[in-house]
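Trainee: Dropping the sequence and predicted coords here.
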Amino acid sequence: VAVASERLAAPAIAAPSSRWRGRPAQVGLVVLLMVVAFALWRDEFPWPLWLTWSELPAKLDDLQGWLLDERTAEDPNLIFAIFDGFRALADWLVTALTDMLEWLTWVGTAAAGTLLVWRFGGLRAALVVLAAFASFALMGLWEQSIQTLALMLAAVVLSLVIGMPIGVWAGRSQRVHRAITPALDAMQIVPAFAYLMPVVILFSVGPAAAVICTMIYAIPPAVRITALGIRGVTHDTVEASNAFGATRLQTLFKVQLPLARRQLLLSVNQTIMFALSLVVIAGLIGGRGLGDVVTNGLYSNASLALLAGVAIVIMAIALDRATAAIAERTDPIHRHLTDEGRRRARLATVGVLVAIAAIALVARALGVDAVYPDEFETASYVYTATIEDTLLDWIQSVLDYVQDPTSFVFGITEPIGNFLVEYALEPLRVWLVEMPWFVTIAGMGAIAFLASGLRPAITVVLMLLAIGIMGVWEPAMDTASQVLVATAIAVALGIAIGVWAAESPRVERLLRPLLDTLQTLPQLVYIIPFIYLMPVSRVPGVVASVLYAVPVVIRLVTSGVRNVPREAVEAASAFGATQKQVLMKVKIPLARDAIMLGVNQGIIMVLAVVVIGGLVGSGALGDEVARGLQRNEFGQGVVASLAILALGIALDRVTQSKGRRNRGQFR
Amino acid sequence: MGSSRIRGVIAALALAAAMTVAACGEKKEETPASSDSGGAATAKEDCGQVTLNEQAWAGSTANTYIAKAVLEDELGCQVEITKIAEIPVFQAMADGEVDAVLEDWQHTDEYKKYIEEAGTVVDGGPLGVEGHIGWFIPKYLMDANPEFASWEGLKGNEEMFKTAESGDQGMFLGGDPSYVQKDKELIKALDLNFKHVTAGAEPAQVARWTQLYKQEKPVIFYWYTPQFYNQQYELAEVELPERTPDCKDDAKSGGNPEQYKCAYDVTVIEKLFSKKFADSGSPAYDVLKNMELTNEDQEAVAKAIAGDKEDPEKAAQDWIAENQDTVQAWLG
């Protein structure tokens, strides 16, 4: 997964080549001026009413009402017929996949997964897959895991069917690429909570709705990485192909696609990862499986919710290893097959398929269950087949410890939580909320200008104005204060650990599984212990965002420091610099671009957790988005989501640095 | 070559299976006669499949599983349980994807849209459980400060509830944002020096106040009955101003705080059915329509499930065994 997670950052970011020309003194001066303005006019200029479009939420509510009326109208219009068709297709796909996996029986399913991965991805990946199946069985979550697997596969297949052609198109045309990028950004930043209800109105509840929500989030990486792959085929190759008289289509199918094969498989891998991260949300609208267990377990059985979260992580790791291995092994660049080899490979594939069928048939003949049973019965004994109870007891005892306010750990974590609120979150919130609004906008614009240039500065000003006009200035500033604190912590930790990992391969190896887990474990799951350990409402949300963002920062920093040219390091050593001097004076300054990229990505990742924070007491925008679904304040929820998007764009532009805009991934 | 690989995999699978059994197989003294449920001599009508929606809290799990057991064992229905969030489930009923919700806490906006206007959902009458929302404090705190029995006693003592999150003011711990509430407005209207702090979803709110409870610190919070935690923690209620005729409970629409200045009304918990299900002539519909529970029934089963971690099916069956009269009355 480590490799994959590094790639995970890739779709959202451009190539790491920013050029931070920030003038720290000038930025400092701007901040100082803001402080002075704050002292002068504290709390005197809240966002003015005359600049607020207060009917916006009501208008959006009307829109949803209209949708509902149209949907229930006697003769539905054509658009709805298309939606119904799509719904039927998605439902059919999920049901067919589930039925197939159940027909195979649990033995057959495990054998099929393991053998196929073995054939195409090699033994190591196959063993990971086998271990994953074994753990679903032992955890007593086989049925839910299979349901989630079917849901994911359906969502991924449909996402790729839609995303890859768009990606190819975007890869071949700069204009298309520029046109769809904002849409892709929006699809990834706008929280799923905001569009859950419209999706339910259009597609009802159940697997189809869950698949569609997942697709909205999983299509962007499919498009992005495909486009990247197509563009990665060098100009010379394409020109050579044209010179030989190939048509555009021939060039595409015979040259660009085969050469981009690795990237295409990578986009499959990333689409799966993104799809899995929406599994929990899908549980809210009838997507069965592990997500269901997590969302509902939170209220009545926290230890079961945690266990299901672990199952999701295991599934993510297994799918990632399997697809990464397949991408690697089947890459034509690494495979030089003779005709004989090709024949043998085909034979092996047939053999594997026959073996799967045989295992399934034998299993069915022996009466093996469709899903892994809780108990095995023999004539005189009943064996418990899972260790679910043991695991749950164990998790519960951890939770009990965490819930005990006299525990040693609580004695440390509680003061930390209180400290964060009193000395970071609250002062910054007051500062941002009570600062005259025009000072905030001017100040942020000025910082963006100094750090990134004129165009980003204009964007920042426009985004902040939009937030105010939508009528959510105060909650947005509250959220901004939490985002800034979380990003600061994530960046500080990320740089420290990232530099350490870059210096010591052993540290990096030890960190890898931990970082993988943090990126794939649903945030709702790891937030649970912190709700108890730091019982101050805004802190668990901050902790969750730090935990989610820090892996990306660590990875970017590590690779940045690693990639410092060897010559520079050697030259410094030759001049007699100590190891520490080399690190501080050569490596870190030269890796500054990568580090700034880490800051930028950290902010985006932190924003992704804002809504989850709303569920554990962060309030502000996240709370409004969550309520949009839970209390059907649709308009308000959408407005808050758009504000999160605007805040994301603004903070991105402030930190993106000069140069990256022009030297992005697509030259 | 293929076959040697396959043999290897079969061996691996067999090994995994063997390990499974070896690692966790616990011998039981005797084979329990596993499924003897549903064998009763009741005539089984053609009931077919019924889909019930379980809401996220334990009380809903309790009544949903009681209904499931009754429908399966007495009518031979096949009951499926979905877990869809409170608002989307209205659309699910309208589409016939879900047949019934047994515990709905007065979502009046949706009643208007789906029951009155579209007519795709029907009101199945009250479940019998009555919801009560209010301001609660731990009993130890009430014992030490008897004046807290009424909201007037809180006045001037707000500082006692100070936490890191509330600054100079006292902390009032707000309820799950998805629930009906008006505490921000009440605090303003009653001119109390509390800061309303949102704890987020219910599990997070529970974490907050139980943590303070265990430390025997002062805490005041939005809470409600029936709730199985009420059997686990000793709580006492702070009396709010008496209800007036035009007083409102749901501050969603905002406006002048004065219009919310009273205690919460009793919430009648409704059963809701999909129109399609109500018209289907299924015997399950009649039973569910007759179904009634008291707060005590529901809390007891909910505690067995969420507090004592019992299997919901078993907890429901135990309750049915002890309350045969009630169940027979539903069957008509």
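Mentor: Good, I have the coordinates.

Trainee: could you say which helix or strand contains whichever residue of the stretch 51-200 of chain A sits closest to chain B?
Mentor: Nearest residue of the stretch 51-200 of chain A to chain B (CB to the nearest CB) works out as A:V200 at 4.3 Å. All C-beta spots, glycine's among them, are computed from the backbone N, C-alpha and C. Element membership for A:V200 (DSSP states H and E) is helix A:192-203.

Trainee: Contacts made by that helix with the rest, please.
Mentor: A:64, A:67-68, A:71, A:80, A:83, A:86-87, A:90, A:209, A:212-213, A:216-217, A:278, A:281, A:284-285, A:611, A:625-626, A:628-629, A:632, A:634, A:637-638, A:640-641, B:85, B:87-88, B:91-92 (CB atoms under 8 Å, 6 or more residues apart in numbering or on different chains).

Trainee: cool, stretch A:364-378 as well?
Mentor: Residues contacting stretch A:364-378 (CB under 8 Å, 6+ apart): A:102-103, A:105-108, A:136-137, A:140, A:142-143, A:146, A:382-386, A:388, B:21, B:25, B:31.

Trainee: Next to chain A, which bits of the stretch 51-200 of chain B? Give me the list.
Mentor: Contact residues (CB under 8 Å from any CB of the partner chain) of the stretch 51-200 of chain B with chain A: B:54, B:56-58, B:61, B:82-89, B:91-92, B:94-95, B:97-98, B:107, B:109-110, B:113, B:118, B:120, B:163-165, B:167, B:177-178, B:197-200.

Trainee: Can I get the buried part of the residues you listed as one ChimeraX selection?
Mentor: In ChimeraX, a selection of the buried entries from those looks like this (16 or more other CB atoms under 10 Å in any protein chain shown):
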select /B:54,56,57,58,61,82,83,84,85,86,87,88,89,91,92,94,95,97,98,107,109,110,113,118,120,163,164,165,177,178,197,198,199,200
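
Trainee: I'd like to know how many residues surround residue 229.
Mentor: Since you didn't name a chain, this refers to chain A. 24 (other CB atoms under 10 Å in any protein chain shown).

Trainee: To clarify, I was referring to chain B.
Mentor: Around B:Y229 there are 20 residues (other CB under 10 Å).

Trainee: and the closest residue to it other than its chain neighbours, what element?
Mentor: Leaving aside its sequence neighbours, B:Y229 sits nearest to B:V206 (CB to CB, 6 or more residues apart in numbering or on different chains; 6.5 Å). Using DSSP H and E, B:V206 falls within helix B:202-214.

Trainee: and after the helix holding A:V200, which helix or strand comes next?
Mentor: Counting by DSSP H and E, what follows helix A:192-203 is helix A:207-232.

Trainee: Give the rounded mean pLDDT of the helix or strand following that next one.
Mentor: As assigned by DSSP H and E, the chain's next helix or strand after helix A:207-232 is helix A:235-243. What helix A:235-243 shows for mean pLDDT is 82.

Trainee: elements contacting helix A:235-243?
Mentor: The criterion is 3 or more CB pairs under 8 Å, 6 or more residues apart in numbering or on different chains; DSSP states H and E, and there are no helices or strands that helix A:235-243 contacts.

Trainee: give me that answer again for 10 Å
Mentor: Here helix A:235-243 touches helix A:248-250, going by 3 or more CB pairs under 10 Å, 6 or more residues apart in numbering or on different chains; DSSP states H and E.

Trainee: Output the contacting helices and strands for the helix it packs on.
Mentor: Counting by 3+ CB pairs under 10 Å, 6+ apart, helix A:248-250 packs on helix A:235-243.

Trainee: The helix it packs on vs helix A:207-232, what angle?
Mentor: 90 degrees (axes from the mean of the first three to the mean of the last three CA atoms, to 10 degrees).

Trainee: Share the number of residues neighbouring A:W41, please.
Mentor: 14.

Trainee: What average pLDDT does stretch A:376-391 get?
Mentor: So the average pLDDT for stretch A:376-391 ends up being 78.

Trainee: Would you mind listing the buried residues in that stretch?
Mentor: Neighbour counts over stretch A:376-391 (16+ other CB under 10 Å) mark A:F376, A:V382, A:Y383, A:T384, A:A385, A:T386, A:I387, A:E388, A:L391 as buried.

Trainee: For it, C-alpha coordinates in CSV please.
Mentor: The C-alpha trace of stretch A:376-391 is given here as CSV (Å, rounded to 0.1, in the frame of the first residue of the first chain):
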residue,chain,number,x,y,z
PHE,A,376,-19.1,-26.0,12.4
GLU,A,377,-21.2,-29.0,13.4
THR,A,378,-20.1,-32.5,13.5
ALA,A,379,-22.0,-35.5,14.8
SER,A,380,-21.2,-34.8,18.5
TYR,A,381,-19.5,-31.5,18.7
VAL,A,382,-20.1,-27.9,17.7
TYR,A,383,-17.1,-25.9,17.0
THR,A,384,-17.2,-22.1,17.2
ALA,A,385,-15.8,-21.1,13.9
THR,A,386,-14.9,-17.5,14.6
ILE,A,387,-13.0,-15.6,17.2
GLU,A,388,-15.4,-12.7,16.9
ASP,A,389,-16.3,-12.8,20.6
THR,A,390,-12.8,-12.9,21.8
LEU,A,391,-11.9,-10.0,19.5
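
Trainee: if I've got this straight, B:E270 is in a strand?
Mentor: Yes. Assessed by DSSP: H, G, I helix; E, B strand; the rest coil, B:E270 belongs to a strand.

Trainee: That one reaches B:K289, doesn't it?
Mentor: No. Contact between B:E270 and B:K289 fails when scored by CB atoms under 10 Å: they sit 11.8 Å apart.

Trainee: The longest strand anywhere in chain B pairs with which strands, and in what direction?
Mentor: Assignment by DSSP state E gives strand B:121-138 as the longest strand of chain B. Paired neighbours of strand B:121-138 in the sheet (DSSP bridges): strand B:220-225 (antiparallel), strand B:235-238 (antiparallel), strand B:267-274 (antiparallel).

Trainee: mind listing what A:L63 touches?
Mentor: Contact analysis of A:L63 by CB atoms under 10 Å, 6 or more residues apart in numbering or on different chains lists A:P198, A:F634, A:G635, A:V638.

Trainee: Equivalent analysis for B:I87, please.
Mentor: B:I87 neighbours (CB under 10 Å, 6+ apart): A:196-197, A:200, A:284, A:628-634, B:107, B:109-110, B:178.

Trainee: how about B:P245, secondary structure?
Mentor: Going by three-state DSSP: B:P245 is coil.

Trainee: Which pLDDT value belongs to it?
Mentor: At B:P245, pLDDT is 84.

Trainee: and it, how many residues sit next to it?
Mentor: Neighbours of B:P245 using other CB under 10 Å come to 5.

Trainee: Also the one 4 residues further on?
Mentor: Residue neighbour count, defined by other CB under 10 Å, stands at 17 for B:D249.

Trainee: My read is that it contacts B:C262, right?
Mentor: Yes. Between B:D249 and B:C262 there is a contact under CB under 10 Å: 8.5 Å.

Trainee: Fine by me, we can end here.
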